[in-house]
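K.L.:
I'd like to go over a predicted model; first the sequence, then the structure.
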Amino acid sequence: MFSIEEKNQYQRHLSLPSFGSIAQGKLKASSVLVIGAGGLGCPALQYLTAAGVGRIGIVDDDVVEVSNLQRQILFNQDDLGDFKAKIAAVKLGRMNPYINIQPHVVRFDAGNAESLMDSYDIILDGTDNFSSRYLINDACILFDKILIYGAIYQFEGQLSVFNYKNGPTYRCLFPEPPSSKVLPSCSEVGVLGVLPGIIGNFQALEAIKVITEIGEPLSGKVLLYDALNQKSQLLTLKPLVKSREITALKENSINCSSKKSDEMIVEIKPNDFFKMIKDVKDLLVVDVRENWEREMSKISPSVHIPLGDFTSSGGPNLPSESKDSNIVIYCKAGVRSRMACEALREKGFQKLFNLTGGILNWESEGHPLS
C-alpha cells in the first residue's frame, strides 16, 4: 500500500496507536476539495497535504496581494500577483510529492459547482462571505457531500461539520442569508492574523477525523472560539428538515440581502441604542455572552441568557410579554447576538435589534458599563 518513501513520510502516523496503516490508507484513498486558498484555506491545505490526503483540489480565482501575507501563510512577497491556487499547488507538492494536488483557477459558482465537487469526497469551505457559504452548503446538499465549515470575525471563530450522516446543515445554523451590512468583510474590520490559522487547522482536523473515522466529528455541534481570552464554547445544533429543501442552485438564492431578515432584525448602533434605552418603555435588553464575560462588565439594565439557551430544545426563557417587546441583543462583537436574533426570528419574534459591534463598540463610543 505504501512505498518505502511514503512510510518514512508518514512514520508518526503509522506508529500512532488506533491510527496506523489502516487510517493512513483511508487518507490516501480520500479526496478533499478546498474552496478558497486564503486565511482558512492555507493552513487547512498544509495539514491535509502533510497528513497524506490522496487527492486535494484547490478552488480560487484570486491573486496574491500584499495584504494577504499577514495571515495567508503559504505565500510570500515573491508570489505577489500570481494566482493563489497555482502557487499553493506548487508549494504543497514540494511538501508531499506522493499525493495529487489539482488547482482550479475559477470562481466557485452555481454553474460549475457540480463539476468541481463531483470527484471529491469532502468539501472544506475556506471562503469569507455569506453568499459563497450558502452556495457551497446548498451544493453539498444537492450532491451529497460532507461540508467542513469554518468562519472568522475579528477575534472570534466558528467551526462545524455539516451534512454528515443526515446531520445539520449550514442553513440549520443560519436559515436565511443576513444582510450584507451585518458582518463586513475582514478587509473592512480586520482579523487577527493567527486566528484563521487556528480555525483552518481545526477544519483540517475535522476532515481527517471524518475520513479516518476516529473521534467524534463536530456534526450537530458548533464550536465558538474566542482568541483574546482562549475560551471556547460548544453549542448543540439540531437538524431542520426545511434546511434540506434545496432543489437547484441559483445565484439569486444566495444574495446576501434578505428582505425578510432586514424587516425583522435591525442592526442598531451604540448611539441609537443609548437613546432607545432612555426613550422606549417596552424594551428588553438581552446579553448572550457567558457568565465570566458578564461578571467583568455589562450593559445595564439587561437580562442574561447565554447563547446556548437559544439553540436548546426548549429555547430561551424569555418573559411572557416579550413577544411584543422591542428586543435588543448584544454580545462581545455582534456575532453571537446575531445568531440569537436569527433564532428568535424563527420563533416568531419581530421587533429584534442586534447591537452592531457588540459591547466592544458600545464601550469604544464612551457609553457606560456596570
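P.N.:
Good, I have the coordinates.

K.L.:
now stretch 294-306, how far from the chain's geometric center?
P.N.:
Centroid separation for stretch 294-306 versus its chain: 26 Å, with Cα atoms, centre = their mean, to the nearest Å.

K.L.:
which residues of the stretch 251-370 of the chain fall in strands?
P.N.:
Listed in chain order, the strands of the stretch 251-370 of the chain (DSSP state E, counting those that start in this stretch) span 265-268, 283-287, 303-304, 326-330, 352-355.

K.L.:
Pass me the low-pLDDT residue ranges in the stretch 51-200 of the chain, would you?
P.N.:
Scanning the stretch 51-200 of the chain for pLDDT under 70 picks out the ranges 177-189.

K.L.:
let's see it at 50
P.N.:
180-183, 185, 188 (pLDDT under 50).

K.L.:
ok, which stretches of it are strands?
P.N.:
Counting by DSSP E, counting those that start in this stretch, the strands of the stretch 51-200 of the chain are 55-59, 100-104, 122-125, 146-153, 156-162.

K.L.:
Buried residues, the second one. List them.
P.N.:
It stands for strand 100-104. Going by neighbour count (16 or more other Cβ atoms under 10 Å), the buried part of strand 100-104 is I101, P103, H104. (Each C-beta comes from the backbone N, C-alpha and C, glycine too.)

K.L.:
Once you drop chain neighbours, what's closest to the last one?
P.N.:
In space, H104 comes closest to V59 once its chain neighbours are excluded; the distance is 4.6 Å by Cβ to Cβ, 6 or more residues apart in numbering.

K.L.:
Per the annotation, how does this structure divide into domains?
P.N.:
If you go by automatic domain parsing, the domain ranges for the chain are 4-254, 259-364.

K.L.:
avg pLDDT for the shortest one?
P.N.:
Summarised as a single mean, pLDDT over domain 259-364 is 85.

K.L.:
picking that back up, reformat the domains of the chain as TSV; add distance to S370.
P.N.:
As requested, the domains of the chain are arranged in TSV below (distance: least, Cβ to Cβ, whole Å):
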stretch	distance to S370
domain 4-254	20
domain 259-364	4
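
K.L.:
N354 is nearest to which of the strands of the stretch 51-200 of the chain?
P.N.:
Nearest to N354, of all the strands of the stretch 51-200 of the chain, is strand 146-153, at 13.4 Å by Cβ to Cβ.

K.L.:
Now do the helices in the stretch 201-350 of the chain.
P.N.:
259-264, 270-279, 291-296, 307-310, 335-346 (DSSP state H, counting those that start in this stretch).

K.L.:
That should have said the stretch 1-150 of the chain, apologies.
P.N.:
Counting by DSSP H, counting those that start in this stretch, the helices of the stretch 1-150 of the chain are 4-9, 11-14, 20-28, 41-51, 84-95, 113-117, 130-142.

K.L.:
which other helices and strands contact the fifth one?
P.N.:
The criterion is 3 or more Cβ pairs under 8 Å, 6 or more residues apart in numbering; DSSP states H and E, and the helices and strands that helix 84-95 contacts are helix 41-51, strand 55-59, strand 100-104.

K.L.:
residues near the closest residue in space to P175 that isn't next to it in sequence, how many?
P.N.:
Of all residues not flanking P175 in the chain, E346 sits nearest, at 6.2 Å (Cβ to Cβ, 6+ apart). E346 sits with 15 neighbouring residues when counted by other Cβ atoms under 10 Å.

K.L.:
If anything else comes up later, I'll come back, but that's it for now.
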